[in-house]
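> Sequence and computational prediction follow.
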Amino acid sequence: MLLFLQVILCVSLVVWVGARLSQSADVLAEETGLGRSWVGAILLAGATSLPELASGISAVALFQVPDLAVGGVLGSCLFNLLILVIVDIFTGPEPLLRQVQVSHGLSAGLGCVMLGMAAAGILLAERGVDLTLGWVALPSVLLLLLYAVSARLIAQFELRRRTQLLEEEAGALQYGHISQRRAYSTFGLLAIAIVVLGIWLAALGDRVAVVTGLGESFVGALLLAAATSLPEVVSSLTAIRLNAADLAVSNIFGSNLFNLAILGIYAVAYLRGSLFSEINHLIHAFATVIAIMMTAIALVGLIYRASQRSRLHLTWDGVAILLLYVGGMYAIYRG
């Protein structure tokens, strides 16, 4: 009973911090003139993904449970895409993906590339082809390089659109009374709070796996992933309330890019050998493929921009994402 009370307290704190992170990111977008898309994809996405980083490093370095760490980060990718469906419910009569820039397809496409790299590394390790640099799997190094390239491409693309972005977002918010220094310091303090909560979540997730007997892969892919993705949920919903749909969507796609870079960091932190050789290959490869399919559906909905709401007040691409998530979680549980 005490364990689950701690989980509830920790999750509540994550929600509280996540809500304030979104508003802080919106302040930065206005104060710096960088625009909501770039701030959402890079700064907000990095900050809201810090729980995955902290909990995963704790899982592989302190608790020696790589399946929990990898399941958490891949499950977080799945849950982040589910957030598109959750947020869409609160966006009003017009579907979410109709309200945002098609340019978010860049980060979605780069996410598919990084997911494909992760799947390749897992499947190669399953076949005994474990390419390493020291103890670090080569695909992990490539994930870090791909993230650096992705961040640069997104930054360059948004800089080319900077004038248009400033015209679109001008006057939408008024944070003139907040200095840049205060905005950066507030954002930094909230990010540190997320790291501390993430380390606590890792310890709680390991204990929940033992108490419930559900297994580290399932707990990582569902419970820990959902908990550590709560900042994305709260931040995205807060962004919608601030009439900043682009901030919400860029946060989701950007968080998945950052999560996959985190997978590379896990491999460096796991000093017992190659991380990919120590995990449940079938389950994690399956989760990666489902994430690719969900991202591809979101990308189609973003580009086609013709989705209509069903009688359940969801778009058809949202229904497809929801079914893939539920089916994927069921398959992982049975596995």
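Perfect, I can see it now.
> Quick check: closest non-adjacent residue to the most centrally placed residue in the chain.
Residue closest to the mean C-alpha point of the chain, counted by C-alpha atoms, centre = their mean, is S255 at 3.3 Å. Of all residues not flanking S255 in the chain, A45 sits nearest, at 4.3 Å (C-beta to C-beta, 6 or more residues apart in numbering). From N, CA and C alone the C-beta is placed, and that goes for glycine too.
> For that neighbour, grab the count of nearby residues.
26 (other C-beta atoms under 10 Å).
> Kindly spell out which helices and strands sit in contact with the one helix or strand it maps to.
Assessed by DSSP states H and E, A45 sits inside helix 45-48. Secondary structure elements in contact with helix 45-48, counted by 3 or more C-beta pairs under 8 Å, 6 or more residues apart in numbering; DSSP states H and E, are helix 2-32, helix 180-212, helix 230-241, helix 245-269.
> Distance-wise, check the closest residue to N251 other than its chain neighbours relative to T238.
Excluding the flanking residues, the one nearest N251 by C-beta to C-beta, 6+ apart is G40, at 4.4 Å. From G40 over to T238 the distance is 12 Å, taken as C-beta to C-beta, to the nearest Å.
> which of those two has more neighbours?
Between G40 and T238, G40 has the larger neighbour count (other C-beta under 10 Å), namely 32 against 20.
> looking at it, that one is touching S255, isn't it?
No: if you go by C-beta atoms under 8 Å, G40 and S255 don't touch, sitting 9.3 Å apart.
> mind showing which ranges of the stretch 151-300 of the chain have poor pLDDT?
Across the stretch 151-300 of the chain, the ranges flagged by pLDDT under 70 are 161-177, 198-199, 201-203, 205-206, 208-210, 212-228.
> ok, 90 please
Residues of the stretch 151-300 of the chain meeting the criterion pLDDT under 90: 151-152, 154-188, 190-247, 267-269, 271-275, 277-278, 280.
> burial of S140, as a residue count?
26.
> Could you confirm the residue nearest to N251 falls within a helix?
Yes: looking at G40 with DSSP: H, G, I helix; E, B strand; the rest coil, it is inside a helix.
> let's number from 28 now, not from 1
Right, with 28 as the first residue, what we last looked at is G67.
> hmm, back to that, which ones are touching the residue nearest to the centre of the chain?
A72, T75, S76, S103, N107, S256, E259 (C-beta atoms under 8 Å, 6 or more residues apart in numbering).
> just checking, next helix/strand downstream of the helix or strand that contains the fifth one?
I take that to be N107. Applying DSSP H and E as the criterion places N107 in helix 93-116. Using DSSP H and E, the helix or strand that follows helix 93-116 towards the C-terminus is helix 123-126.
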